[in-house]
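Peer 1: Prediction below, plus the sequence it came from.
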Amino acid sequence: MTPLAWKPQYAIRHETIDAQHQNLFALYNAMVVLPPESVDRERLMDDLCEYGLFHFAEEEALMRSENYPKAAFERHCRSHKLFFRTVQRLRSQSAETALAFFREWLVRHILGEDQDIGHFLERPHA
Ligand SMILES: [Fe+2]
Ligand SMILES: [Fe+2]
């Protein structure tokens, strides 16, 4: 698997969230460059999952504090939860499958639901 490169279109234009997304990319990249037999794989995968959970909590707290529309907020939280459950399930099968899913989901989620947060924050709202 090739490392994930950050692109300007991934930015949602919120400093903290963009920095956290970049940290997720860096953690993912640290995993994919490891040789498959490396003893650090499990630990790095734990770090990635732990940071992912931290990031989801932060993003959800931001939406809550900005009065993000309820239906979109709930959908977004559900999508975080489902993602995490899927990664855990895939992880028990193979780290490769979990990482492939992680990569695909993360990019799609940042370009979709996370971008919606950026657009919402830029619009004037009460
Ligand atoms: Fe998100
Ligand atoms: Fe995010």
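Peer 2: The structure has been received and is ready for your questions. Ligands and ions are numbered 1, 2, ... in the order given.
Peer 1: In three-state terms, how would the closest residue to ligand 2 within the chain be classified?
Peer 2: Using C-beta to the ion, the single residue of the chain nearest to ligand 2 is Asp114, 4.3 Å away. Heads up, the C-betas are built off the backbone N, CA and C, glycines and all. When classified by DSSP: H, G, I helix; E, B strand; the rest coil, Asp114 comes out as helix.
Peer 1: Help me confirm that it comes into contact with His21.
Peer 2: Yes - counting by C-beta atoms under 8 Å, Asp114 does reach His21; the two are 7.3 Å apart.
Peer 1: residue boundaries of the helices in the chain?
Peer 2: Using DSSP state H, the helices of the chain run over 15-32, 41-65, 70-93, 95-109, 115-122.
Peer 1: Could you list the alpha-carbon positions for the fourth one in CSV?
Peer 2: The C-alpha atoms that make up helix 95-109 are tabulated as CSV, following Å, rounded to 0.1, in the frame of the first residue of the first chain:
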residue,chain,number,x,y,z
ALA,A,95,-4.5,-5.7,9.2
GLU,A,96,-4.3,-5.1,5.4
THR,A,97,-8.0,-5.3,4.9
ALA,A,98,-8.6,-2.9,7.8
LEU,A,99,-6.0,-0.5,6.5
ALA,A,100,-7.5,-0.6,3.0
PHE,A,101,-10.9,0.2,4.4
PHE,A,102,-9.5,2.9,6.7
ARG,A,103,-7.8,4.7,3.7
GLU,A,104,-10.8,4.6,1.4
TRP,A,105,-13.3,5.6,4.1
LEU,A,106,-11.1,8.4,5.5
VAL,A,107,-10.6,10.1,2.2
ARG,A,108,-14.3,9.8,1.2
HIS,A,109,-15.5,11.0,4.7
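Peer 1: Now do it and helix 15-32, the angle between them.
Peer 2: Counting by axes from the mean of the first three to the mean of the last three C-alpha atoms, to 10 degrees, helix 95-109 lies at 160 degrees to helix 15-32.
Peer 1: Great, nothing more from me.
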